[in-house]
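S.K.: attaching a predicted model along with its sequence, questions to come.
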Amino acid sequence: MNLQRRFLIAVPYAWLLLLFFVPFVIVLKIALSNIALAIPPYEPTLSWSEGWSGLVAFFRQLDFDNFVFLTQDSLYWKAYLSSLQIAFFSTLLTLLVGFPVALGMANAPERWRPMLMLMIILPFWTSFLIRIYSWMGILNQEGLLNQLLLWVGVIDDPLKMINTNFAVYIGIVYTYLPFMVLPIYATLEKLNPALLEAAQDLGCNRTQSFWLVTVPLSKPGVIAGCFLVFIPALGEFVIPSLLGGSQTLMIGKVLWEEFFSNRDWPVASAVAIVLLLILIIPIILFQRNEQKQREAEA
Amino acid sequence: METQTASGDTLAPWEDATAKPLISFRDVSKRFGGFTAVEALNLSIYKGEFFALLGPSGCGKTTLMRMLAGFEAPTTGSILLDGVDIAKVPPHKRAVNMMFQSYALFPHLTVAENIAFGLKRTAMAKADITARVEEMLKLVQLENFAARKPHQISGGQQQRVALARALARAPKLLLLDEPLAALDKKLRQETQFELVDIQEKTGTTFVIVTHDQEEAMTVATRIAVMDHGRLVQVDSPDRIYENPNSVYVADFIGDVNILRGRGRTRTDGKVEIVWADGQPGLVGTSDEPLDNAECALAIRPEKIAISSTRPVQDANALQGAVHDIAYLGNTSTYHVRLPNGQILKAQETNSRRISKRKYTWEEEVWLSWSETAGVVLTR
């Protein structure tokens, strides 16, 4: 291996080291520390002036108390579980909405497709926060949706939608829909239309050829889309705090409160580390799926 | 190769007026917007035939096939399969299967699963499906590849899986859309004979779409030459080659020299053609009498003899200079320039290993052929 190639490979590794591994070690260190009324609000802090013995004393003070604490207070595991549940169901909902959208796009006449693609991506041109605030306006007690339903006469009293899990689901599905649509669209667009004709020729009606050909062949896109929604939804903080109510329990919110309201940096760090460990499993599965697909295409 | 003699069948059912066709197109037209792909077409295909639709791209042959498969419906006219109009029958309910040009093998299924795919849509019992898949695998000699995925086998093997899959449901009619186009030349030639073998073994009626005239000649019992949505000639390969009904067919199938002029039928039935000032008249055969009508003499290069002195017997003899020599190994084609500038091609078989060419560039030679060697065409 020559110098140039080594350098090329070194760049992404340096990036990962600097922006992932170093921060991770810092957060891990804080998670192993104890809360203190000081600046920074934890101890011990590392000081080099005392030499070797100082270093030993420093490591002696680190412990797993914060992680043990997470298992003792039911708030935490409930928040993790509830986050997993919300992330899972919103991924499922996004898939149910996103798949037909992607299918429609892939079957649209070729000259329309760039336009449809643009319409999927267009919302990203507005700030994420502003879009979530508009949903608050829509889902409010006196919001657009309630007014519309009252006017149509479907309901007599305004529905309580804002500050519920329902609003959180809407927010997540809305926000992450493009991440579901685009990978599915990419696989469906590559699908050879002759395969569907072959299925029909061999005795499938349209429904059968959809389930026996279209769905299995769009699997890589579906898996990619699901992970792209599930992973960020699990740690989502903005949507549950703006659209969710007091009973909406998500780990991102807990983390925020631990950090900013309680100023308990060590516990907040421990929460973050556990969240990372939970996320690593789907990320590894996602990577494996991507690699398998690459191998199949090669 | 054209001898499918199931008991009682005639050798050429199309010549038997009482034979009932398996497929008949009746005044079928197909238009896509303003474009007419197929125009007022009438055609009968009989059971057990290996029928080739031949023509350049855009001639309507693929549209014709897709109408048989059910992927397109005729704009006007009707298509009968076994006497029943199939216009309203959707593709998945037709006793017709198709082998796609791209093979369209399901990439997520194994070879065996691909072949079983169509069988699983029927009421067939599981054990029977397994047996039928085995049988098909054996037919195309892929027993050892049953568990492979399509991307794990070669192009030639994929082609055979596609064939087995299409044949598995024992269709009344098998459609083959450019089945060998993706194979290299040697494999294509071998596979042509395999196709004919399989067609004879299964007794299925095959309709093949191809733009490759050699392929059509090799496999087909009859060839339909198409141009701009119409049938130009429907005939057996040898008649298409030796008795083309138009300059278009003569030119499309094989190599041909076309000499244009005016023809008059002589008392002995042969046609004499005056074709250029100061050149002797040419003699050929024609089915219809001509009286000073515009016509063309079509003569195949291999039917023209080349010599350095004027031959005595042949009725037609022209002198020219060798313009170009194409050495093809088994044959050599001489391009001979006539005094009026026209180039005629004459082919010689290289039956002996020679170190020296008989004729060389710019050498004066004689071209000659018999009265019956050339066909006079008026279209």
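M.R.: All right, it came through fine. Numbers count the residues shown, from 1 in each chain, chains lettered A, B, ... in the order given.

S.K.: for B:Ser307, grab the count of nearby residues.
M.R.: Number of residues near B:Ser307 (other C-beta atoms under 10 Å in any protein chain shown) recorded here: 15. Yep, even glycine has a C-beta here, placed from its N, CA and C like the rest.

S.K.: what's near enough to touch it?
M.R.: Residues in contact with B:Ser307 (C-beta atoms under 8 Å, 6 or more residues apart in numbering or on different chains) are B:365-366, B:368.

S.K.: now render those as JSON lines, adding secondary structure and neighbour count.
M.R.: Formatted as JSON lines, those follow (DSSP: H, G, I helix; E, B strand; the rest coil; neighbours: other C-beta atoms under 10 Å in any protein chain shown):
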{"residue": "B:Val365", "secondary structure": "strand", "neighbour count": "20"}
{"residue": "B:Trp366", "secondary structure": "strand", "neighbour count": "18"}
{"residue": "B:Ser368", "secondary structure": "strand", "neighbour count": "21"}
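
S.K.: now residue 218. Nearest residue, chain neighbours left out?
M.R.: Just going to use chain A. Distances taken as C-beta to C-beta, 6 or more residues apart in numbering or on different chains put A:Thr187 closest to A:Ser218, at 4.8 Å, once the chain neighbours are dropped.

S.K.: wrong one, I was asking about chain B
M.R.: B:Gln192 (4.6 Å).

S.K.: hmm, the one you found is touching B:Asp212, no?
M.R.: No - taking contacts as C-beta atoms under 8 Å, B:Gln192 lies outside contact range of B:Asp212: 9.6 Å.

S.K.: and for these two, which residues touch both?
M.R.: Going by C-beta under 8 Å, 6+ apart, residues that sit against B:Gln192 and also against B:Asp212 are B:Leu180.

S.K.: circling back to that earlier point, touching, the residue nearest to A:Ser218 and A:Val215? I think so.
M.R.: No - the criterion here is C-beta under 8 Å, and A:Thr187 misses it with A:Val215 at 10.7 Å.

S.K.: assign B:Lys345 to helix, strand or coil.
M.R.: Under the three-state scheme (DSSP: H, G, I helix; E, B strand; the rest coil), B:Lys345 adopts strand.

S.K.: quick one, what contacts residue 283?
M.R.: I'll assume chain A. Applying C-beta under 8 Å, 6+ apart to A:Ile283 gives the contacts A:227, A:231.

S.K.: right idea, wrong chain: chain B
M.R.: Counted by C-beta under 8 Å, 6+ apart, B:Val283 has contacts B:266, B:270-273, B:315-316, B:371, B:374.

S.K.: sort out which of those residues are buried, if you could.
M.R.: B:270-273, B:315-316, B:371, B:374 (16 or more other C-beta atoms under 10 Å in any protein chain shown).

S.K.: tell me if B:Arg357 really is in a strand.
M.R.: No - counting by three-state DSSP, B:Arg357 is not found in a strand; it is coil.

S.K.: how far away is it from chain A?
M.R.: 50 Å (C-beta to the nearest C-beta, to the nearest Å).

S.K.: with adjacent residues omitted, what lies nearest to that residue?
M.R.: Nearest non-adjacent residue to B:Arg357, counting by C-beta to C-beta, 6+ apart: B:Ile325, 6.8 Å away.

S.K.: which strands and helices sit next to the helix or strand hosting that neighbour?
M.R.: Assigned by DSSP states H and E, B:Ile325 belongs to strand B:316-327. If contacts are counted by 3 or more C-beta pairs under 8 Å, 6 or more residues apart in numbering or on different chains; DSSP states H and E, strand B:316-327 sits against strand B:331-337, strand B:343-349, strand B:364-369.

S.K.: can you give the contact residues for the shortest one?
M.R.: In this case it means strand B:364-369. Residues contacting strand B:364-369 (C-beta under 8 Å, 6+ apart): B:299, B:303-311, B:314-322, B:334, B:336, B:344, B:346, B:359.

S.K.: rerun at 7 Å
M.R.: B:299, B:303-311, B:314, B:316-322, B:336, B:344, B:346, B:359 (C-beta atoms under 7 Å, 6 or more residues apart in numbering or on different chains).

S.K.: again with the first one
M.R.: When contacts are defined by C-beta under 7 Å, 6+ apart, strand B:331-337 is touched by residues B:301, B:306, B:320-326, B:343-350, B:359, B:365, B:367.

S.K.: just the buried ones from these, in PyMOL syntax?
M.R.: For the buried members of those, the matching PyMOL selection, counting by 16+ other C-beta under 10 Å, is:
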select buried, chain B and resi 301+306+320+322+325+344+345+346+347+348+359+365+367
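
S.K.: so, low pLDDT: which residues of the chain?
M.R.: Let's take chain A. Applying pLDDT under 70 to chain A picks out residues A:1, A:297-298.

S.K.: chain B, not that one
M.R.: For chain B (pLDDT under 70), the answer is B:1-11, B:354-356.

S.K.: tell me the contacts of the residue nearest the centre of chain B?
M.R.: Nearest to the mean C-alpha position of chain B, by C-alpha atoms, centre = their mean, lies B:Ala216 at 2.9 Å. Contacts for B:Ala216 (C-beta under 7 Å, 6+ apart) come out as B:52, B:54, B:210, B:223.

S.K.: if we use 10 Å, what do you get?
M.R.: By C-beta atoms under 10 Å, 6 or more residues apart in numbering or on different chains, B:Ala216 lies in contact with B:50-55, B:192, B:208-210, B:222-225, B:237, B:240, B:253.

S.K.: what of B:Thr265?
M.R.: B:271-272, B:286, B:288-293, B:376.

S.K.: nearest residue to it in space, please, no chain neighbours.
M.R.: Per C-beta to C-beta, 6+ apart, closest to B:Thr265 is B:Pro289, 4.3 Å.

S.K.: B:Val161 now?
M.R.: Spatially, and ignoring its direct neighbours in sequence, B:Val161 is nearest to B:Val111 (5.2 Å; C-beta to C-beta, 6+ apart).

S.K.: contacting residues around that neighbour?
M.R.: Residues in contact with B:Val111 (C-beta under 10 Å, 6+ apart) are B:105, B:133, B:136-137, B:140, B:142-150, B:152-153, B:157-158, B:160-161, B:164-165.

S.K.: of those, grab the buried ones for PyMOL.
M.R.: This is how PyMOL selects the buried members of those, with burial counted by 16+ other C-beta under 10 Å:
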select buried, chain B and resi 105+133+136+137+140+142+145+146+149+150+153+157+158+160+161+164+165
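
S.K.: so which of the contacts of B:Val111 are in helices?
M.R.: Among the contacts of B:Val111, DSSP state H puts B:133, B:136-137, B:157-158, B:160-161, B:164-165 in helices.

S.K.: of all these, which two lie farthest apart?
M.R.: Longest distance between any two of the ones in helices among the contacts of B:Val111 is 16.6 Å, between B:Val133 and B:Gln158; criterion C-beta to C-beta.
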